[in-house]
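> Generate coordinates for the sequence data below:
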Amino acid sequence: MRLAAAMVPVQSLGAVLLTHLHSDHITDLNDVITSHWIMSQGPAPLTIYGPPTTAGVVQATLAALAHDVTYRRDHHADLTYDPQVVVVEVEPGQTFVVGDATISVGRTDHRPVEPTVGYRVEHDGRSVVIAGDTIPCAELDVLCAGADAYVQTAIRADIVRQIPNARIQDILDYHSSVEQAADTAARAGVGALILTHYVPPQPTPMLELWRDLVTPIFAGTVVLGDDLTAYDIP
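Here you go, the predicted model:
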């Protein structure tokens, strides 16, 4: 849905990158697979990169889609093939190429969720790190070093601590707080810190308070990465 809103045809996807297999990070994978299949003009493999065990999750997703695939093939006379999905399980230290971009894989720390990875995407002399859910760690610093932009899920630890629910407060020990994300950005010398996947969700005007927590720690550009936010690397 976000690709459509950004006017990016889903069939143009070169790859899908998964950082880990928590439900809130893969819950719409079935829709990405289905939309890519339906919108492509002929069999077109969709490559999904993710940490070890990704293949099993994708196989289960395809199994759940089996009835839907049959319904759509029965309805569209020219749809004579099933979704074409290729899974590549990656490990920290690996590098691969998608189109004109070189992508490096790094370890992150979201324990007890294991394994988890982040990606550094390099293209045309610019670099962006997609960290996913993680607390600060040495490997993340290495992955981010000198990057033009660092995209980090972040939580407002001060707000979460006030929520009287033990399971909510449990998230404090395996996500970066806003301040921790700022620390990582400063240590790694990145050009811009892009905050996303806000916990707890808040109205956009209130997100300016998140920026206020970053600026005393990180002197670079701070981007509040609401869905469909665009940031042009200088």
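
> List the contacts of the lowest-mean-pLDDT helix or strand in the chain.
Lowest on mean pLDDT, DSSP states H and E among the helices and strands of the chain sits helix 166-169, with a mean of 90. The contact list for helix 166-169, computed with C-beta atoms under 8 Å, 6 or more residues apart in numbering, reads 160-161, 163. Placement of C-beta: from N, CA and C, glycine included.

> neighbour-wise, which of those residues leads?
V160 (18 neighbours; other C-beta atoms under 10 Å).

> Verify the stated contact: it with Y198.
No - in this structure, V160 is not within contact of Y198 by C-beta atoms under 8 Å, at 11.2 Å.

> hang on, the earlier thing: and the contacts of helix 166-169 as TSV, adding secondary structure?
Output for these, formatted as TSV (DSSP: H, G, I helix; E, B strand; the rest coil):
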residue	secondary structure
V160	helix
R161	coil
I163	coil
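
> got a list of contacts for the helix or strand containing T196?
If you go by DSSP states H and E, T196 is part of strand 192-199. Applying C-beta under 8 Å, 6+ apart, the contact partners of strand 192-199 are 133, 148-156, 160, 171, 175, 178, 181-182, 185, 207, 210, 214, 218, 220-226, 229, 231, 233.

> Tell me how far it lies from the chain's centre.
Taking C-alpha atoms, centre = their mean, to the nearest Å, one finds the center of strand 192-199 at 11 Å from the center of the full chain.

> Show the subsequent helix or strand relative to that strand.
Taking DSSP H and E, what comes next after strand 192-199 is helix 208-214.

> Return the set of buried residues in that following helix.
For helix 208-214, the neighbour count (16 or more other C-beta atoms under 10 Å) marks 210, 213-214 as buried.
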